[in-house]
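> just coords:
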């Protein structure tokens, strides 16, 4: 397989990582596009390593830490929601946290990507975990029709210090829980539900009355890409790793809290 084919193979993962850093697929894709442009203009940038994925993320990181795409950060800031502005570059600890917990890179690969040593990667991940865990406890609604998976998710989020306000197996149950005055601060949702209803439709119904981040955890990721997607929303494919879910929950709540703090300052 050629280098270009390998790069294309890893692009979905780079886009996921970029979205997690910026809070927006549009903003993340701008940095991915800049990375690809660099590879076209400087083909030797990837080097001769057999680990094309790590090299691709290394090039992205170099660009991410050095510029706002096209030098138009101010314009992008006005066009996007507060929590996804390109002008706020993610600190190194959060990059290390995402590379390790969301993307599953080894400490050695993360060190190469970030141009630090392995011991510093460990310190950065620990620091990010402490920062992201502070002041983020919230109410969570789980929309999941598989009882065992729902139990696993409930135990996971409660272990992170959150409170589960309800577990819905269908679109109707989800709307009923929210209608009882139990407003969540975050929604975890499957897409294909027990009665054939859609988790996407359930979430879109709920977000007509309040705005919260959503994490879709599904075996049908293509339905997320083709359906009417709410924003901000994140995607985790089943089967999932608990560490990945924890990482994405932290990211989703981080972006929401950042937006609220900015709104409070400007109010």
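Everything's here; your move. Bear in mind that the values here come from a model prediction, so they are computed numbers and not experimental data. Residues are numbered from 1 along each chain as shown.

> Low-confidence regions, the protein specifically.
The chain contains residues with pLDDT under 70 at 1, 47-49, 67-91, 129-135, 224-232, 258-267.

> how does it divide into domains?
1-89, 90-133, 135-264 (the TED database).

> Now render these as a markdown table, adding mean neighbour count.
Placement of C-beta: from N, CA and C, glycine included. Listed next are these as a markdown table, based on neighbours: other CB atoms under 10 Å:
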| stretch | mean neighbour count |
| --- | --- |
| domain 1-89 | 17 |
| domain 90-133 | 19 |
| domain 135-264 | 18 |
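
> by contact count, what packs against whichever helix or strand residue 30 is part of?
Here residue 30 sits within helix 25-41, counting by DSSP states H and E. Counting contacts by 3 or more CB pairs under 8 Å, 6 or more residues apart in numbering; DSSP states H and E, helix 25-41 packs against helix 3-22, helix 52-64.

> List the contacts of the longest one.
Going back to what we said before, that points to helix 3-22. Here helix 3-22 makes contact (CB atoms under 8 Å, 6 or more residues apart in numbering) with 1, 25, 27-29, 31-32, 35-36, 39, 46, 52-53, 56-57, 60, 64, 84, 86, 90, 94-95, 98-99, 102-103, 234-235, 248, 251.

> Then stretch 234-253?
Counting by CB under 8 Å, 6+ apart, 16, 19-20, 23, 97-98, 101-102, 104, 129, 132-133, 136, 138, 149, 152-153, 156-157, 160, 162, 185-186, 188, 213-219, 221, 224, 232 sit against stretch 234-253.

> repeat that for 6 Å
In this structure, residues lying in contact with stretch 234-253 by CB atoms under 6 Å, 6 or more residues apart in numbering are 20, 101-102, 132, 136, 156, 213, 215-217, 219, 221, 224.

> So for residue 192, which of the helices and strands packed on helix 25-41 sits nearest?
helix 3-22 (20.8 Å; CB to CB).

> check contacts around residue 65.
Neighbours of residue 65 in contact, by CB under 6 Å, 6+ apart: none.

> for residue 117, same thing?
residue 111.

> let's see it at 10 Å
Going by CB atoms under 10 Å, 6 or more residues apart in numbering, residue 117 touches 107, 108, 111, 123.

> now, the most widely separated pair of those?
Those two in the contacts of residue 117 that are separated most widely, counting by CB to CB, are 108 and 123, at 15.1 Å.

> quick one: the helices in the protein?
All helices of the chain, identified by DSSP state H, fall at 3-22, 25-41, 52-64, 73-79, 92-97, 107-114, 118-133, 147-159, 171-179, 199-206, 221-226, 242-266.

> Output these in JSON lines; the columns should cover distance to residue 193.
Converted to JSON lines, those look like this (distance: least, CB to CB, whole Å):
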{"stretch": "helix 3-22", "distance to residue 193": "24"}
{"stretch": "helix 25-41", "distance to residue 193": "24"}
{"stretch": "helix 52-64", "distance to residue 193": "34"}
{"stretch": "helix 73-79", "distance to residue 193": "35"}
{"stretch": "helix 92-97", "distance to residue 193": "31"}
{"stretch": "helix 107-114", "distance to residue 193": "36"}
{"stretch": "helix 118-133", "distance to residue 193": "30"}
{"stretch": "helix 147-159", "distance to residue 193": "11"}
{"stretch": "helix 171-179", "distance to residue 193": "6"}
{"stretch": "helix 199-206", "distance to residue 193": "6"}
{"stretch": "helix 221-226", "distance to residue 193": "12"}
{"stretch": "helix 242-266", "distance to residue 193": "19"}
